[in-house]
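In: A predicted structure for the sequence below; I have some questions about it.
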Amino acid sequence: LKSIEDISLATIILILLSPLFALIAVLIKLDSSGPVFFKQKRTGWNGKVFEIWKFRSMYMHNLESGQLKQAQINDPRITKIGRFIRRTSIDELPQLFNVILGSMSLVGPRPHATQHDTEYSRKITHYFARHNIKPGITGLAQVRGLRGETKVINQMILRVESDIEYINNWSLGLDFLILLRTFAAFSNKNAR
């Protein structure tokens, strides 16, 4: 049921938003050099690594000493169009391709970068339980405002607890409720 929900809705949304995709692609190319899409390795269902798709919102840069740095408020790496697409969560829309390809769901725990998985799994008990379902474009944690930069470990603990609560209580009704609440959360102050 969840797969049918995902593929059906993702296909409809992609068709409806195709003009927006084209416009954003042009604006990204005009704003800075580099590819339209940003791809990064993330950990998904059952610990399988996949490449997540996003619209590129930052200038091209190299990792500092091989360390992955979370985006922050007023991050100088973010482009002008990048600031807008991050604030409105438009940068996340290419993950609809991930949904159609089967590596993600519309609703589920947000996938973290593999380096962050390693870091947080050492600090949070049951962290990897969030990989017992496909990761999502949005999730229970996100509609509760638990998104964006995590400056302290307690923020990530609350996010993981919401992810596990979602997994334990999944239903189509819960998915639809989260999708509806996501639209209200698009311009949340924590979006960046």
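Out: Noted; the coordinates are in hand. As the structure is a computational prediction, the values presented were derived from the model and not from experiment. Residues are numbered from 1 along each chain as shown.
In: can you give me the helices in this protein?
Out: 2-31, 80-87, 95-101, 114-123, 140-143, 153-168, 172-185 (DSSP state H).
In: who does the fifth one touch, helix- and strand-wise?
Out: For helix 140-143, the elements it packs on are helix 153-168, helix 172-185, judged by 3 or more Cβ pairs under 8 Å, 6 or more residues apart in numbering; DSSP states H and E. All C-beta spots, glycine's among them, are computed from the backbone N, C-alpha and C.
In: next one: it to chain centre, how far?
Out: With Cα atoms, centre = their mean, to the nearest Å as the basis, helix 140-143 stands 11 Å off its chain's centre.
In: dump it to CSV, keeping only the CA atoms.
Out: Extracted C-alpha coordinates of helix 140-143, given in CSV (Å, rounded to 0.1, in the frame of the first residue of the first chain):
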residue,chain,number,x,y,z
LEU,A,140,6.7,13.1,11.6
ALA,A,141,9.9,14.8,13.0
GLN,A,142,9.8,17.5,10.3
VAL,A,143,6.1,18.4,10.9
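In: show me the shaky parts of this protein.
Out: 61-73, 185-192 (pLDDT under 70).
In: about what we covered before: quickly compare the helices and strands packed on helix 140-143 and say which is most buried.
Out: Ranked by mean neighbour count under mean count of other Cβ atoms under 10 Å, those are led by helix 153-168, which reaches a mean of 17.
In: contacts for that one next, please.
Out: 107-110, 120, 123-124, 126-127, 129-130, 132-133, 139-141, 144, 146-147, 150, 174, 178 (Cβ atoms under 8 Å, 6 or more residues apart in numbering).
In: tell me the buried residues within the residues you listed.
Out: 107-110, 120, 124, 127, 130, 133, 139-141, 144, 146-147, 150, 178 (16 or more other Cβ atoms under 10 Å).
In: quick revisit: can I get the helices of the chain in CSV including distance to Asn46?
Out: Listed next are the helices of the chain as CSV, based on distance: least, Cβ to Cβ, whole Å:
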stretch, distance to Asn46
helix 2-31, 15
helix 80-87, 29
helix 95-101, 16
helix 114-123, 13
helix 140-143, 20
helix 153-168, 13
helix 172-185, 20
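In: looking at the ones you listed, which is closest to Glu51?
Out: Closest approach to Glu51 among the helices of the chain is made by helix 95-101 (8.1 Å; Cβ to Cβ).
In: what is that closest one packed up against?
Out: Against helix 95-101 (3+ Cβ pairs under 8 Å, 6+ apart) you get helix 2-31, strand 49-55, strand 136-138.
In: I'd like the distance between Trp170 and Phe84.
Out: To Phe84, Trp170 is 33 Å away according to Cβ to Cβ, to the nearest Å.
In: apologies, that question was intended for Leu140.
Out: Counting by Cβ to Cβ - Leu140 and Phe84 are separated by 26 Å.
In: again with Tyr166
Out: Taking Cβ to Cβ, one finds Tyr166 at 29 Å from Phe84.
In: what of Pro109?
Out: Pro109 is 26 Å from Phe84, by Cβ to Cβ.
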